[in-house]
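S.K.: quick one: sequence plus predicted model below, questions after.
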Amino acid sequence: MRCALDCQLLTNNYQPAGNIGQTRRVPLTVDSPNPLRVAWSIFRARRATPPGPHGTADADHTGLGPVLQALAKGGTPALAQVQDDLDEYLAAVVAIDPAALSRPEAIAYWLNLYNAGGLNLAARAFAEGADSILRVIGGFDSPTHEVAGEQLSLDAIEHGKIRRFGDPRIRAALVCGSVSCPTLRYEPYRGDQLEAQLDDQLRRFPAEGGARFDSESQTVHLSRVFLWYGGDFTRPHRMPTWILVRSRTLVRVLLPWLGESPPWLVPGKATVKFQSYDWGLRCSVG
C-alpha cells in the first residue's frame, strides 16, 4: 500500500500537521516517495480496466498461508526462506480470471495479490540489503503482474482496482512492507469471510498504533494513512477520491473503529494530529 496522497505535499512540498490548513515544511528526501512520480503513477492507474466481477466462482489462496505463517515466526528475514512459496502463489493467482469471481471473492483476490506483490517487493529490497522498499526503483509503478491480459503495477492494482470497489476498510488491509503499514493478517482474505476480516482489520490498525490518544493535551494522533485516504472514509461512494477532509470530520467517521476511545474524544471538537510515516523495511503479521 503506497500511501502518498498528501495533496499539499504533491503540490508544494508541505505536509499537513494537525487540522487541515495547518502546515509545516518538510524537506523531501530519499526516505520519502517522489511526489511528482507518485502523482503521475496514480493518474496512470486510473487507466486500468475497472474491476467487474460478475461470476460466482471463488479463488484458492491457501498458497499464501505458508508465507504468512513464516513471517509470523521469523519477521522480514523469513522472506528469503519462503521466496519459492511466494513465487508459486503469485504464478497461480495471476492465472485466475477475477471477472469470473463474485464481488467478495474479487475484493479478496485483489487484496491478496497486492499484499503478495508487496511482499515480493520487500523480499527484493531485503535481498539487496536496502532499508526501505523505496530503494527499489519502479517498485510500485512498473508493471509486475499480468492478470487477464492486462499488465498491472502495484499502484494500478491499488488505485485502479481495489479502491474502485468503494470499501474504505481496505486501508487497513493493504500492506507494502513498511514500518508504518498496517500489519499483515495471519491468514489470506477469503470471500466468505471478507466482512468479518475487514472489520477486524480496521479495528486492529488503530489499536496497534494507527491511533494514539494523549489525555494530557486531549489530542488524537492518527496514522497518516487516514490523512492521505480520509476522503475514502467520508465519501466511499466516490472512491477513489483525492479530496482532503477536515480532520475532525474524519474522527467522527472513524469513531466506531477506535475501540474504547477516551471520554474527552468528542467528534468535531477533538484536537487531531497526524503521525509521521516510517518507510523503513518491515514485514510483520498481526
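M.R.: Arrived safely, thanks for sending.
S.K.: give me the distance between residue 227 and residue 283.
M.R.: 23 Å (C-beta to C-beta, to the nearest Å). For every residue, glycine as well, the C-beta is placed using N, CA and C.
S.K.: ok, residue 96 next?
M.R.: Taken as C-beta to C-beta, the span from residue 96 to residue 283 is 24 Å.
S.K.: for these two, indicate the residue with more neighbours.
M.R.: residue 283 (28 against 20; other C-beta atoms under 10 Å).
S.K.: for that one, give me its contacts.
M.R.: Residues in contact with residue 283 (C-beta atoms under 8 Å, 6 or more residues apart in numbering) are 71, 75, 76, 79, 119, 122, 175, 177, 184.
S.K.: the strands in this protein, which residues?
M.R.: 14-16, 23-25, 145-147, 150-152, 211-214, 219-222, 271-274 (DSSP state E).
S.K.: would you turn these into CSV with distance to residue 199 and mean neighbour count?
M.R.: Output for the strands of the chain, formatted as CSV (distance: least, C-beta to C-beta, whole Å; neighbours: other C-beta atoms under 10 Å):
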stretch, distance to residue 199, mean neighbour count
strand 14-16, 28, 18
strand 23-25, 34, 10
strand 145-147, 27, 17
strand 150-152, 27, 16
strand 211-214, 16, 16
strand 219-222, 19, 20
strand 271-274, 23, 20
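S.K.: now the contacts of residue 283 in JSON lines, with neighbour count?
M.R.: Shown next, in JSON lines, are those (neighbours: other C-beta atoms under 10 Å):
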{"residue": "71", "neighbour count": "23"}
{"residue": "75", "neighbour count": "13"}
{"residue": "76", "neighbour count": "17"}
{"residue": "79", "neighbour count": "24"}
{"residue": "119", "neighbour count": "26"}
{"residue": "122", "neighbour count": "26"}
{"residue": "175", "neighbour count": "23"}
{"residue": "177", "neighbour count": "30"}
{"residue": "184", "neighbour count": "23"}
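S.K.: and those residues, which is closest to residue 239?
M.R.: residue 175 (18.8 Å; C-beta to C-beta).
S.K.: so what's that closest one up against?
M.R.: 1, 115, 118, 181, 182, 183, 184, 283.
S.K.: just the pLDDT for residue 33.
M.R.: For residue 33, the pLDDT comes out at 79.
S.K.: if I look at residue 215, how far off is residue 270?
M.R.: 12 Å.
S.K.: which neighbours do those two share?
M.R.: By C-beta under 8 Å, 6+ apart, the residues touching both residue 215 and residue 270 are residue 264.
S.K.: of these two, who's got more company?
M.R.: residue 270 (20 against 10).
S.K.: low-confidence bits of this structure, can you list those?
M.R.: 1-31 (pLDDT under 70).
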